[in-house]
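# fold the following for me, if possible:
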Amino acid sequence: MATEQRKVDKAGTSSSIRSDVLQSPKASGIGEVVDLDGYDQQYIPDEAREKKLLWKVDLIMIPMLWWMCVLAYVDRNNIGNANAAGMSRDLGLDDLGYSMLINIFFIAYLFGEIPSNLILARARPSLYLPGLACIWGTLVCGMSQVDSYGGILAYRFFLGLEAGFMPGVLYIMTCWYKRSEIGKRFSIFFTALCFSGAVSGLLSGAVISGLEGVHGMAGWRWLFLIEGLLTVATAIGAIFVLPNYPATTKWLKPDERVLLAGRVLADRQGDSAHPPRKFSALESVKAAFSDLRTYFFMVLYMLDNGSAILNYFIPTVLQQMGYKGVHAQWMTIPVWVVATVFLLVVSQSSDRSGDRRWHLTAGLGFAFTSGLVVAFAENVGARYAFICFFVGSVYSTLPLILTWLTELISTPSEKRGVAIAAANAVGNLSALYGSQLWPASAGPDYIAGFTAVACFSGVGAILSAALPIIFTYLPKYPTKAEKEFIAEQSVRREDMEQE
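The predicted model follows:
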């Protein structure tokens, strides 16, 4: 039977080899086909060689993707710095109008994420991800020239086209690394979010103070133009740096491609030589949304993101607390430095212990406490310190949620990609109500806003602790495609045992 199975797989290589980590070499622009059928039926670890190869992959791929993530968050969140620099005044916006600028982005974001990950599973990441960056960078440049509320509202909506970038990066990571290696790398990309806050504070402080009125342009307009051009330039460079998938990367030798592809398949599916068939887009969506765990992760991520919505209002909140003008921009920097430290420490601890549940519970619990202190403390210094702690706690838990999701919903890869995108998309819906919590009239204390985000974190902490128990009793509803997938895996395991 094993021999027959190999013959079937050999004949069906053209379809099966298009699995995520084994993307078609021809489709990816690589002339040489890697013969995976010549590889051992069972993955054999080579720790020393794998470590060396992973270091090479990390060095080439992660810095560029990380910097692109920084720019993605800078371009998404610079609306807060522009608002503090007088954008609303110049365009005649009230609190409701500014909130709509935030909300409209996430409406487009919601509908773009899942289709984007489905496209990415069949596209070349080295072209697709830089293409997204080039589009949103151009849109940010365009925002520097708007002269009406309708104009900037339209730009913010189309800026939501970047929706597929961050979940796309996370999906690509799951195609290159084993589950035990994902957590700390996810966290590295979430440091981009924190670092973007510091970069945004530095850039906005320098640009707004240095270029205000130059060539008749307001400082916030220069901010959009410079940050947009930086993104476009980075996107063009990324085309020549980013790899595609382990089995289709030009700067890897054929045997290195086989090893890197096989180790991930062995970790995710248990059979490195014969990956299962590719799920169609419809099968992927059905599989993800038939798994009830997907919905719980969507809710948990939405609660955490609901707390994180504060990042759009930090400059405004700090102004209300007494930090005026450019000083308010500079004072955002320590907030993000603390958040980066929190994120790195928590992710290292979580990876070392292999625990997600209690790290999430503790982190969100501390965010709950910090949010209440900010809401009711009267001392400005204490409030500022606990804003730092609150943001650090919230952002250190975001990657843990997605890491936990990819560990529990690990195969098939297309289902995993849809689940990541769904959690990220629905999680960002929190912006629709979270942005209503910070009207200027509620300052300087913002008691309702900080109490609300503290409660989001508190509920998230309770849910994190309860999830393993809930999952034990959840009914299982595998789709027809998943049943076939499981049956194929069982046949391959039996063949390997008979050999």
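# going by C-alpha atoms from here, please, whenever you check contacts or count neighbours.
Will do.
# I'd like the next helix or strand past the longest helix along the chain.
In the chain, with assignment by DSSP state H, the single longest helix is helix 47-84. Moving toward the C-terminus from helix 47-84, the next helix or strand (DSSP states H and E) is helix 87-91.
# tell me the helices and strands packed up against the next helix-or-strand element following that following helix.
Downstream of helix 87-91, the first helix or strand assigned by DSSP H and E is helix 95-120. Judged by 3 or more C-alpha pairs under 8 Å, 6 or more residues apart in numbering; DSSP states H and E, the packing partners of helix 95-120 are helix 149-159, helix 165-176, helix 413-427, helix 430-434.
# what comes up buried for the last one?
When you say that, I think you mean helix 430-434. 430-432, 434 (16 or more other C-alpha atoms under 10 Å).
# name the surrounding residues that touch that helix.
102-103, 106, 302-303, 305-307, 309-310 (C-alpha atoms under 8 Å, 6 or more residues apart in numbering).
# hmm, 10 Å instead?
Applying C-alpha atoms under 10 Å, 6 or more residues apart in numbering, the contact partners of helix 430-434 are 99-100, 102-107, 299, 301-310, 312, 428, 437, 449, 452-453.
# what's the helix or strand following it packed up against?
Once helix 430-434 ends, the next helix or strand along the chain (criterion: DSSP H and E) is helix 447-473. Applying 3 or more C-alpha pairs under 10 Å, 6 or more residues apart in numbering; DSSP states H and E, one finds that helix 447-473 contacts helix 292-308, helix 357-376, helix 380-408, helix 430-434.
# if we go to 7 Å?
helix 292-308, helix 357-376 (3 or more C-alpha pairs under 7 Å, 6 or more residues apart in numbering; DSSP states H and E).
# could you redo those as CSV and give each row distance to Lys415 and mean neighbour count?
CSV is the format used below for the helices and strands packed on helix 447-473 (distance: least, C-alpha to C-alpha, whole Å; neighbours: other C-alpha atoms under 10 Å):
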stretch, distance to Lys415, mean neighbour count
helix 292-308, 10, 23
helix 357-376, 22, 23
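# which one of those has the lowest average pLDDT?
Note on the helices and strands packed on helix 447-473: lowest mean pLDDT is at helix 292-308, with a mean of 93.
# which other helices and strands contact that helix?
helix 380-408, helix 413-427, helix 430-434, helix 447-473.
# any idea how far the shortest one is from the middle of the chain?
This means helix 430-434. Helix 430-434 sits 18 Å away from the centroid of its parent chain (C-alpha atoms, centre = their mean, to the nearest Å).
# and that helix, average pLDDT?
77.
# swap in the last one?
Per-residue pLDDT values across helix 447-473 average out to 95.
# cool, and stretch 87-98?
So the average pLDDT for stretch 87-98 ends up being 87.
# buried residues in it?
So stretch 87-98, judged by 16+ other C-alpha under 10 Å, has buried residues 87-88, 93, 98.
# could you dump the residues you listed into CSV with distance to Val140 added?
Supplementary listing: the buried residues of stretch 87-98 in CSV, determined by distance: C-alpha to C-alpha, whole Å:
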residue, distance to Val140
Met87, 14
Ser88, 17
Leu93, 19
Tyr98, 17
